[in-house]
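In: this one's structure only:
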């Protein structure tokens, strides 16, 4: 009986100390410094050191990748860095070149502009090129590469080229060839963007990707809505000869039944001077991506 | 207490005559040769590699000793039946277990002490012969007393591993004990990931289990401050103290368990 | 106070992993051994002798029942100071020398270093391996290890000594030495409890014995009592016996068995009655000559074998029903 009590007491002490330690972690190290997460930087060394357990170790680094990304994204630090995201992804994929979800995650989130990501589409490209070297027959990576040029770099010629190359590989979906053609002809357009993001949404294995795709699709929906509403405003002007002063005018004229809101339920704003429709300033869908005019890449 | 002391000394005698301590010579030679080569290649710039190698060797050799002697500590006596005569002498079974434990800890302590001295001697030598300009690029001095913090924590870690190996040795064969001990050590090193895995797992129940395990399983990764001291980052004494306390509490828990199991055994 | 006493001491094992079966190693052993006795604990292999000794040393725990040594329950550390134990087929630490082993054990009793050395040296001398005391134990033969085992059992001048097969591994000379040692212990007032299946030793040394068969106590008591009524006949060796005389004696029922030893030389078995002198006179009248005449007694072996094979002899007044005997 005495033994049992001793064991329970010691177990309690152990758990208590562990909890205390957890609260004091990390070791008072300034945020953004490497600590223990990435003791080894060289993928070459890691692959050798892992012996036959590289796949398992890849999983461990994958978990750390997600944790690093999520942790940094949620942090309120003004100086937060995603500086480990690429090295972790590089390690994960060096240990396991078939870790497709890692490539997909990397290609998307490496390019995300600050503060949601490091804003480095160039690193996405490097990662995807590595993917293509490891698995040259996968249409997905070529499509992803085209995606990066399309969405982030607005280089529609290169994007179309990669979509075309992707469509040649076995298993490629049949919307890739027309997508290549349209992109080449018209540059960025809503339909193509929607196709690409829908593809991401349907094939995402990880919550992060799905959430991101849903977000983007909502943004595209909002853009569609805005376009449609602007047409309504023009129609109103055509009928009445002047721009509506508020949504009430439009509703009274019978074009709408209620004040419109974006897919995130924030009310859309009408500018009475120009007739343009925009998102509410605090809408979570801000900023809407520009799919037509080329924007300067993040870096 | 007298009994514990004598049993412990006997374990130490056995390890000496078992030529375990010759591994020290291997360590010293290995370290010196590799460090010398590195010194030649990099003109003294890679103090980091030398320190990393030294600390890792101390940790690794210590671990090998702790595990491979620990798993046989009790099992061998029972298997060879030398324990029959021993237990008929005026000692309790708990004194036997604790004595065995202290003996192996003593062996480890001496091993680690000698390796540490050799290591610091090597660093002092390098410090003397290297160009002062290169020394400026080092994040921490060659003969850095802060490394002792890492070594103290390594020692506590080894004491905990020994306790675990001894625990398994009270009831299972060396092969199984080795696997279980090494398994716990590996899992303990990924303890931090266990904490975070909740964010990646689907089911809430699995996340809760993972969290529970994180608290209960030995957190070996906490003892590893090698990277920090090599980079010259401050390791607060409070951290060393708290982690040591954790280690000692945990090994006490394991020893109580080992004594409890051993006291109830029939020796067929 | 008895040196050793047990009360319904029982040990069950479960054998087998998938379908555990109970195995009764010892069943309700009740026994007393008085101080100063030399007590022989006998039985065939697997009878439960070593189990009993291990229970007394608390190397295993009883399923039920109790045991006490010098009035205290087994395992009492104070009592351990006053006893010694020789395990069956002893094995010690290879890497120690005989001297070091004994000094180690002596240290466990708390003797000062000088005293440890003195005791170790003296005992190794007494068991006859003084010359090898600085040899590592891994170099010892079985017989030498046995002697070391006996030495370590005596390191603390115990009041009660438990010996499990003390003669095993020893040559005849060694056996004789150990026999003398046990007698010396008895003379010093030590209680000696030993298990054996070498019955000759038990006959020579013990004042009381117990016979254990299949975990049960078959019989126990003073040796003299167990063997008391056992003169069952005579052995007569004669020379110069003619075939005719032999046949006549056989027909008369005077001779129950005959073994030819040589030219008209026979070893004859004579029944209890008529008196052997009469039968001898009759044969001498026909020209035979006496060589030897000896009573035929049951040896302990005969008792033993009979107990083991399950036959109960009413002539043994101590059957399985009355195992308890007072101290000698």
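Out: It's in. Being a predicted model, the structure only gives us computed values, none of them experimental.

In: So residue C:232 belongs to a strand, correct?
Out: Yes: checked against DSSP: H, G, I helix; E, B strand; the rest coil, residue C:232 lies within a strand.

In: what's the burial count for it?
Out: 14 (other C-beta atoms under 10 Å in any protein chain shown). Heads up, the C-betas are built off the backbone N, CA and C, glycines and all.

In: wait, isn't it in contact with residue C:297?
Out: Yes: with contact defined as C-beta atoms under 8 Å, residue C:232 reaches residue C:297; the gap is 7.2 Å.

In: show me what contacts the closest residue to residue C:286 other than its chain neighbours?
Out: Closest residue to residue C:286 apart from its sequence neighbours, by C-beta to C-beta, 6 or more residues apart in numbering or on different chains: residue C:245 at 4.0 Å. Going by C-beta atoms under 8 Å, 6 or more residues apart in numbering or on different chains, residue C:245 touches C:283, C:286, C:287, C:288.

In: and the first one, how many neighbours?
Out: Summarising burial for residue C:283: neighbours were counted as other C-beta under 10 Å, giving 25.

In: Would you confirm that it contacts residue C:241?
Out: Yes: Residue C:283 lies in contact with residue C:241 (C-beta under 8 Å); the separation is 6.6 Å.

In: Of the contacts of residue C:245, which count as buried by neighbour count?
Out: For the contacts of residue C:245, a burial check counting by 16 or more other C-beta atoms under 10 Å in any protein chain shown picks out C:283, C:288.

In: Quick check: closest non-adjacent residue to the closest residue to chain A within the stretch 51-200 of chain C.
Out: Closest contact between the stretch 51-200 of chain C and chain A, by C-beta to the nearest C-beta, is at residue C:61 (15.8 Å). Excluding the flanking residues, the one nearest residue C:61 by C-beta to C-beta, 6+ apart is residue B:266, at 6.1 Å.

In: The residue of chain B positioned farthest from its centre and residue B:49, how far apart?
Out: Relative to the centre of chain B, the most outlying C-alpha is that of residue B:133, 36.4 Å out, by C-alpha atoms, centre = their mean. From residue B:133 across to residue B:49, the span is 19 Å (C-beta to C-beta, to the nearest Å).

In: Could you give the number of residues near residue C:149?
Out: 26.

In: For the chain, give me the ranges with low pLDDT.
Out: Defaulting to chain A. Scanning chain A for pLDDT under 70 picks out the ranges A:24-53, A:188, A:205, A:290-299.

In: hm, I was asking about chain B
Out: B:21, B:36, B:38-46, B:137, B:198-202.

In: Quick one: name the residues of it near chain C.
Out: B:2-3, B:6, B:10, B:13-14, B:17-18, B:80-82, B:84-92, B:264, B:266-268 (C-beta under 8 Å from any C-beta of the partner chain).

In: Buried among the residues you listed? Need that as a selection in PyMOL.
Out: Selecting only the buried entries of those in PyMOL, with 16+ other C-beta under 10 Å as the criterion:
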select buried, chain B and resi 3+6+10+13+14+81+82+84+85+86+87+88+89+90+91
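
In: when you check the residues of chain B next to chain C against the strands, which ones overlap?
Out: Among the residues of chain B next to chain C, no residue falls in strands (DSSP state E).

In: What is the burial count for residue 63?
Out: You didn't say which chain, so I picked chain A. If we define neighbours as other C-beta under 10 Å, then residue A:63 has 20 of them.

In: not what I meant, chain C
Out: Quick note: residue C:63 (other C-beta under 10 Å) scores 16 neighbours.

In: for the one 5 residues further on, same thing?
Out: Other residues lying near residue C:68 total 19 when counted by other C-beta under 10 Å.

In: could you pull out the helices for the stretch 151-268 of chain B?
Out: B:174-189, B:191-196, B:204-216, B:226-230, B:237-263 (DSSP state H, counting those that start in this stretch).

In: List just the one of those helices that sits closest to chain A.
Out: helix B:237-263 (3.8 Å).

In: For the residue in the stretch 101-250 of chain A that chain B sits nearest to, which non-adjacent residue is closest in space?
Out: Closest residue of the stretch 101-250 of chain A to chain B, C-beta to the nearest C-beta: residue A:206 (8.6 Å). Excluding the flanking residues, the one nearest residue A:206 by C-beta to C-beta, 6+ apart is residue A:101, at 6.0 Å.

In: Residue C:198 now?
Out: residue C:167 (5.5 Å).

In: so what's the one you found up against?
Out: Contacts of residue C:167 (C-beta under 8 Å, 6+ apart): C:174, C:175, C:178, C:196, C:198, C:201.

In: So the fourth one versus residue A:74, what's the distance?
Out: When you say that, I think you mean residue C:196. 79 Å.

In: Who has more neighbours out of the two?
Out: The neighbour comparison of residue C:196 against residue A:74 (other C-beta under 10 Å) goes to residue C:196, with 22 against 8.

In: that's a helix at residue C:6, yeah?
Out: No: counting by three-state DSSP, one finds residue C:6 to be strand, located in no helix.

In: which residues touch it?
Out: Counted by C-beta under 8 Å, 6+ apart, residue C:6 has contacts C:29, C:30, C:31, C:32, C:52, C:55, C:56, C:65, C:66, C:67, C:68.

In: any idea which element the fifth one lies in?
Out: It refers to residue C:52. Assigned by DSSP states H and E, residue C:52 falls within helix C:49-56.

In: The helix or strand that comes right after that helix - contacts with which helices or strands?
Out: Following helix C:49-56 in sequence order, the next helix or strand is strand C:64-69 (DSSP H and E). Judged by 3 or more C-beta pairs under 8 Å, 6 or more residues apart in numbering or on different chains; DSSP states H and E, the packing partners of strand C:64-69 are strand C:4-15, helix C:49-56.

In: Mind checking if the helix holding residue C:52 is in reach of chain B?
Out: Yes: applying C-beta under 8 Å from any C-beta, one finds helix C:49-56 touching chain B at residue C:54.

In: How about residues contacting that helix?
Out: So helix C:49-56 is contacted by B:84, B:267, C:4, C:6, C:9, C:11, C:25-26, C:29, C:41-43, C:60-62, C:67, C:69, C:74, C:85, C:87-88, C:162, C:164, C:195, C:212, C:215 (C-beta under 8 Å, 6+ apart).
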